[in-house]
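Trainee: quick one: sequence plus predicted model below, questions after.
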Amino acid sequence: MSTDDYLIASVLFMRTQINRHGGLLMIIVGTTGNLLNICVLNERSIRDNPCSIYLWWSSLFSIAFIWSGLVTRILEGYGINWPNHSQPVCKARLFILTVCWSVATWAFVGASIDRFFGSSASVTYRSLSTVRMARRFLIIVLIISILIFGEIFYCYEANVPNVPVPCYINSSTCQLYNNWMNILYNIVIPSGLIAVFSILTIVNVRKRIVHPVRLTTIAFVTRHINRQPRMRKIDQHLRKILSVQVLVLLLLNLPIGVQRLYASFTSNLEKVALRVAIENLAYSIMVLIRLVPYSISFYLYILSGSIFRTAFRNIFFRKLRRTQISNQ
């Protein structure tokens, strides 16, 4: 066996182990965490907050994103490739994966915008921070995502040779469109909007500190439309955990964006087998990295938000009491 053949075999082995064990770990951690997120965000003390609606939707679509992105990779690690060789399954899985990625990402954009509205001294802006507005925003995002990525049913094919996975884009034109739409719609534009509205939120908070008397007067006059002190406290904690989540999201979405750019610029180049194997290994790693922020959100929320910890503790002890009563 030549040196190149040995290196290729080693790289393929590493890729198989990453898909098999890394993917399974990500599914367990991500599914458990997001299901717990949904339970906590359904708590009466939290669910009426607009920001919680965005986080709830993000958790729900993250579960579908994780499963549609990793199940086939885990099966591939065990030599089961039929999902990638079935035309309907290939197209449907990629469509669900991409749309769910979009909605899960744009839910954080909506939460950042809501955080800006809620921190504003303007009554008009604060009036936009509502549950109804959150639901409208998310439904619009879902519709736009479906329209943008409907091309997947045309562009993706099963059994495509010499690509990272058998279920892949069937032409250079489709690859160009798909890569750039993913880069722009799922990474660049959301990241830019999150950064802008995060800065604007900081500006709002500083203004409220600099002008305490005037803002106190405004708050007194508009008390009937403002949140109660407990709700404002929940607002602050939700914004805190959102800030942590957004930072992780921005950092870990960057590698897959770089990979998409690289794939677009090198799609027409002839590559030796070793280079293809290394690129496929890198792609598998990037896929796992991309899924990390959508898998660990619950654990970030628990670490960074006391209200979230309290709600989770209440759910745990309530379930424990019910179990004890039912066993008596």
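Mentor: On my side now, so go ahead. Bear in mind that the values here come from a model prediction, so they are computed numbers and not experimental data.

Trainee: quick one, phi/psi of residue 43?
Mentor: phi -60, psi 140 (degrees, to the nearest 10).

Trainee: wait, it touches residue 314, no?
Mentor: Yes - with contact defined as Cβ atoms under 8 Å, residue 43 counts as touching residue 314 (7.0 Å). All C-beta atoms are positioned from the backbone trio N, CA, C, and that covers glycine.

Trainee: looking at these two, which one has more neighbours?
Mentor: Neighbour totals were compared for residue 43 and residue 314, and residue 43 leads with 18 against 14 (other Cβ atoms under 10 Å).

Trainee: contacts only, for the more buried one.
Mentor: Contact analysis of residue 43 by Cβ atoms under 8 Å, 6 or more residues apart in numbering lists 311, 314-315.

Trainee: lowest average confidence, helix or strand, in the protein?
Mentor: helix 212-221 (a mean of 41; mean pLDDT, DSSP states H and E).

Trainee: help me confirm that residue 134 is found in a helix?
Mentor: Yes - the assignment for residue 134, made by DSSP: H, G, I helix; E, B strand; the rest coil, places it in a helix.

Trainee: count of neighbours near it?
Mentor: Neighbourhood size, residue 134 [other Cβ under 10 Å]: 24.

Trainee: residue 101 now?
Mentor: 28.

Trainee: measure it to residue 152 for me?
Mentor: 12 Å (Cβ to Cβ, to the nearest Å).

Trainee: how about the contacts made by residue 94?
Mentor: Residue 94 is in contact with 68, 152, 156, 167, counting by Cβ under 8 Å, 6+ apart.

Trainee: filter those down to the ones in helices?
Mentor: 68, 152 (DSSP state H).

Trainee: which of the contacts of residue 94 lies closest to residue 202?
Mentor: Nearest to residue 202 among the contacts of residue 94, counting by Cβ to Cβ, is residue 68 at 35.6 Å.

Trainee: residues touching that closest one, list them.
Mentor: By Cβ under 8 Å, 6+ apart, the contact list for residue 68 reads 93-94, 96-97, 100.

Trainee: so the closest residue to it other than its chain neighbours is in which element?
Mentor: Closest residue to residue 68 apart from its sequence neighbours, by Cβ to Cβ, 6 or more residues apart in numbering: residue 97 at 4.0 Å. Assigned by DSSP states H and E, residue 97 belongs to helix 87-119.

Trainee: mind checking how far the residue nearest to residue 152 when sequence neighbours are not counted is from residue 88?
Mentor: Using Cβ to Cβ, 6+ apart and skipping the chain neighbours, the partner closest in space to residue 152 is residue 95 (4.6 Å). According to Cβ to Cβ, residue 95 stands 11 Å off from residue 88.

Trainee: who has more neighbours out of those two?
Mentor: The neighbour count for residue 95 versus residue 88, taken as other Cβ under 10 Å, is higher for residue 95 (19 against 9).
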